[in-house]
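Q: From the sequence below, what's the structure:
(2 chains)
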There are 2 protein chains.
Amino acid sequence: MNNHQKDAQPQSTKHNSPPLEDRCVQVLAPATVANLVCGFDVLGMCLHEPNDLMEIRLLEEKKIIIISADGYPLPLDPAQNTAGAPLVEMLNELPGNTGFEVTIHKKIKPGSGIGSSAASAAGAVVGANHLLGDFFSKQDLVRFAMFGEKVASGVKHADNIAPCIYGGITLIRSIYPLDIVPISSPKLFVTIVHPQIEVRTSDARQILRKEVLLKDAIRQWGNIAGLVAGFMQNDLDLIGRSLEDVIIEPVRSILIPGFDEVKLKCKEAGALGGGISGSGPSIFMLSKDEPTAIKVESVMKEIYNRIGLAYHTYVTTINQTGVTIINN
Amino acid sequence: MNNHQKDAQPQSTKHNSPPLEDRCVQVLAPATVANLVCGFDVLGMCLHEPNDLMEIRLLEEKKIIIISADGYPLPLDPAQNTAGAPLVEMLNELPGNTGFEVTIHKKIKPGSGIGSSAASAAGAVVGANHLLGDFFSKQDLVRFAMFGEKVASGVKHADNIAPCIYGGITLIRSIYPLDIVPISSPKLFVTIVHPQIEVRTSDARQILRKEVLLKDAIRQWGNIAGLVAGFMQNDLDLIGRSLEDVIIEPVRSILIPGFDEVKLKCKEAGALGGGISGSGPSIFMLSKDEPTAIKVESVMKEIYNRIGLAYHTYVTTINQTGVTIINN
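A: Residues are numbered from 1 along each chain as shown, chains lettered A, B, ... in the order given. Purely as a prediction, here's the structure:
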């Protein structure tokens, strides 16, 4: 948004729209997989399931109200809430006495590694922007939503936020300045297993070394280049070969019981490849078709049943839309 | 080539072809730009100019003869020659008493940083393979030609060899096993300046640190992913933004007088971006059209005239063919 826009009124107030306090929207805010193995901090992918369900209501007062619909113990102070902090930033750039009430049905478990905080943040800003007549650009929304990530993990990153708002697979080439590149991809099936242990994003970040071997970095940038080319050329074999991480995964995977076995056995079952989703503990696998993705799910179940660790699994596809408005 | 193929005779000897000793081919072996700024050791691009001119003749004896046509002091021992070493490897996988005589008109100056050794190696194996009725695959030819790079710099790398043989822009995702990915690109103009100082590839490699900061590596893999996406999406702005190297260029550019000024002024003149070609000292710049590429050339000339350093310049385009057979 530029200064010129700042002087304008939100589009929704220009016409004969209903009174602000009656305006409400429901959104589905989807889970996302950050990193995509070799794209640490720069790649992310949006999923069709699971989703947070959120209701956002316009208020005629410059304030933000957070409501946890299902009793999940979310921080209700907007500045400390992953959905609230982005809206605080949005209000700072909005003229007039506008505010939002956000009701969150938290379906994506925090700490699962599939973008729970990003879903709340992205859902809130996309819903709010819809009520404002799309006053802000998608890039603005990513910029606001990153404040939710800062609340959640202490770091403003966009590798879950960007795919959650843009849909599909996105590259965040740069954060400062923000440079988001949508990457086309073939239809792929995604199997997720979430073993019920907690890996805090901040802990998962802290165990990484600050320096890496140049030869490993070269291998990694060969792989990310191959992965992007594979997605854009619909080359499934190239995608599979490129899903290799010689830097982050060897360190982080030790936090996830069963990781090596899951990866090996899922690939034997036909998965193209996969790895840690975000900072874990969820593991994702890509497959070329649904029967393979279901077979991969059964492999994951078998392993965690044997280990004796509770888990959830999902079989889904890449969501090309991102946050979806479901009624108005 | 598999074992089955090893038992077969080269195709050219199966039919009523002329006697082996009469069979000769001329090839143009083009210059290449390795690294492409953010793709150190994994990206390369083939140029239309300059080219080595080579003649390859089939012999009925298992030996290799190297001839320097223009008196350039090339090593004539095949095992020590960048064109000879690849042919030694090729002969090891070839049945019968076949050999090659290679005459080299060396137009691409060794040590220029635009793939001089790769051109000799690639030209030799492509020409020889043509005379064998394309007995070997392109990937085999890259594998052989890399032995020429080992002779030249001590390291078997393929970031000049692969684009020289495949044409266009290539990603070498991996050397072991060899995984070459052609990357489509828009028509782009390339301006090269070769300041007449020598930077030995082995020296340029030695000054690099063995470890890099993770945050720099992340920035680099964001850029290479952006560059590949930019080429494939014909997004010139994205190509320009992604032509950034935070790891290699800051170290190597100190070996090249005038580098920072050339880069800055060429971008001011309209170039999308560019940087060190291979390990230098040549500098390349990409432009969207020929007038810009010519303007960029005049900027380069002005700078090196002022510095008082002899130089060559080239204005050319991306060569989508690679080594070209020019008569038979």
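
Q: near chain B, which residues of the stretch 51-200 of chain A?
A: A:171-174, A:179, A:181, A:183 (Cβ under 8 Å from any Cβ of the partner chain). (Glycine included, C-beta is placed from N, CA and C.)

Q: Sort out which of those are buried, if you could.
A: A:171-174, A:179, A:181, A:183 (16 or more other Cβ atoms under 10 Å in any protein chain shown).

Q: Between which two of these is the distance greatest?
A: Using Cβ to Cβ, these span at most 15.1 Å, a distance reached by A:174 and A:183.

Q: which residue packs closest to the residue in the stretch 1-150 of chain A that chain B sits nearest to, ignoring adjacent ones?
A: Here the residue of the stretch 1-150 of chain A nearest chain B is residue A:42; by Cβ to the nearest Cβ that distance is 4.3 Å. Nearest residue to residue A:42 in three dimensions, chain neighbours excluded: residue B:222, at 4.3 Å (Cβ to Cβ, 6 or more residues apart in numbering or on different chains).

Q: mind listing the helices in the stretch 101-250 of chain A by residue range?
A: With DSSP state H, counting those that start in this stretch as the criterion, the stretch 101-250 of chain A has helices at A:116-131, A:138-153, A:161-166, A:201-206, A:214-232, A:236-242, A:249-252.

Q: for the first one, packing partners?
A: Yep, that's helix A:116-131 we're talking about. strand A:24-34, strand A:43-59, helix A:84-92, strand A:99-105, helix A:138-153, helix A:161-166, strand A:324-327 (3 or more Cβ pairs under 8 Å, 6 or more residues apart in numbering or on different chains; DSSP states H and E).

Q: hey, which of those is tucked in deepest?
A: helix A:161-166 (a mean of 31; mean count of other Cβ atoms under 10 Å in any protein chain shown).

Q: That one - contacts with which helices or strands?
A: Right, helix A:161-166 is packed against strand A:24-34, strand A:43-59, helix A:116-131, helix A:138-153, strand A:169-174, strand A:179-183 by 3+ Cβ pairs under 8 Å, 6+ apart.

Q: then it to CSV, C-alphas only?
A: Presented in CSV, the C-alpha positions along helix A:161-166 are these (Å, rounded to 0.1, in the frame of the first residue of the first chain):
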residue,chain,number,x,y,z
ILE,A,161,2.6,-17.6,5.4
ALA,A,162,3.3,-17.1,1.7
PRO,A,163,1.9,-20.4,0.5
CYS,A,164,-1.1,-20.1,2.9
ILE,A,165,-2.0,-16.8,1.3
TYR,A,166,-1.0,-17.4,-2.3
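
Q: got a list of contacts for it?
A: Contacts to helix A:161-166, defined as Cβ atoms under 8 Å, 6 or more residues apart in numbering or on different chains, come from residues A:29-30, A:32, A:44-46, A:115, A:118-119, A:121-123, A:125-126, A:138, A:141-142, A:145-146, A:148-149, A:169-170, A:172, A:180, A:182, A:322-323.

Q: do the same with stretch A:261-270
A: By Cβ under 8 Å, 6+ apart, stretch A:261-270 touches A:191, A:193, A:273-275, A:283, A:285, A:287-288, A:292, A:295-296, A:299-300, A:303.

Q: Mind checking which of these are in helices?
A: A:292, A:295-296, A:299-300, A:303 (DSSP state H).

Q: Tabulate the helices and strands packed on helix A:161-166 in CSV, adding columns for distance to residue B:96.
A: CSV is the format used below for the helices and strands packed on helix A:161-166 (distance: least, Cβ to Cβ, whole Å):
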stretch, distance to residue B:96
strand A:24-34, 54
strand A:43-59, 50
helix A:116-131, 63
helix A:138-153, 63
strand A:169-174, 51
strand A:179-183, 49
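
Q: and of the ones you listed, who's closest to residue A:79?
A: helix A:138-153 (7.7 Å).

Q: in terms of contact, does residue A:228 touch residue B:230 like I think?
A: No. Using Cβ atoms under 8 Å, residue A:228 makes no contact with residue B:230, being 10.2 Å away.

Q: Okay, now the unreliable bits of the stretch 201-328 of chain A?
A: Within the stretch 201-328 of chain A, the ranges that satisfy pLDDT under 70 run A:201, A:328.

Q: let's see it at 90
A: Low-confidence segments of the stretch 201-328 of chain A (pLDDT under 90): A:201-208, A:327-328.

Q: Tell me the residues of it that contact chain B?
A: Counting by Cβ under 8 Å from any Cβ, the stretch 201-328 of chain A sits next to chain B at A:208-215, A:217-229, A:232-233, A:238, A:241-242, A:247.

Q: Buried ones among the residues you listed?
A: A:212-214, A:217-229, A:232-233, A:238, A:241-242, A:247.

Q: can I see the domain layout of chain A?
A: Per automatic domain parsing, the structural domains of chain A span A:3-183+A:320-327, A:189-317.

Q: now the ones you listed in CSV, with distance to residue B:106?
A: Output for the domains of chain A, formatted as CSV (distance: least, Cβ to Cβ, whole Å):
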stretch, distance to residue B:106
domain A:3-183+A:320-327, 40
domain A:189-317, 30
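
Q: Tell me which of those sits nearest to residue B:74.
A: Of the domains of chain A, nearest to residue B:74 by Cβ to Cβ is domain A:189-317, at 30.5 Å.

Q: Do me a favour and get the end-to-end distance for the closest one?
A: 5 Å (Cα to Cα, to the nearest Å).

Q: could I get the buried ones among the residues of the stretch 51-200 of chain A next to chain B as TSV with pLDDT?
A: Formatted as TSV, these follow (pLDDT from 0 to 100):
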residue	pLDDT
A:171	98
A:172	98
A:173	97
A:174	96
A:179	97
A:181	98
A:183	98
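
Q: quick one: which of the residues you listed is nearest to residue A:52?
A: Using Cβ to Cβ, these come closest to residue A:52 at residue A:172, 21.5 Å.

Q: circling back to that earlier point, nearest to residue A:80, out of the helices and strands packed on helix A:161-166?
A: From those, taking Cβ to Cβ, the stretch that ends up closest is helix A:138-153, at 6.1 Å.

Q: In terms of secondary structure, what does that closest one contact?
A: Applying 3+ Cβ pairs under 8 Å, 6+ apart, one finds that helix A:138-153 makes contact with helix A:84-92, helix A:116-131, helix A:161-166, strand A:179-183, helix A:201-206.

Q: Redo the ones you listed as JSON lines? Include distance to residue B:80.
A: Shown next, in JSON lines, are the helices and strands packed on helix A:138-153 (distance: least, Cβ to Cβ, whole Å):
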{"stretch": "helix A:84-92", "distance to residue B:80": "64"}
{"stretch": "helix A:116-131", "distance to residue B:80": "58"}
{"stretch": "helix A:161-166", "distance to residue B:80": "52"}
{"stretch": "strand A:179-183", "distance to residue B:80": "45"}
{"stretch": "helix A:201-206", "distance to residue B:80": "50"}
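
Q: out of the contacts of stretch A:261-270, who's nearest residue B:86?
A: The closest of the contacts of stretch A:261-270, once distances to residue B:86 are taken by Cβ to Cβ, is residue A:273, at 33.4 Å.
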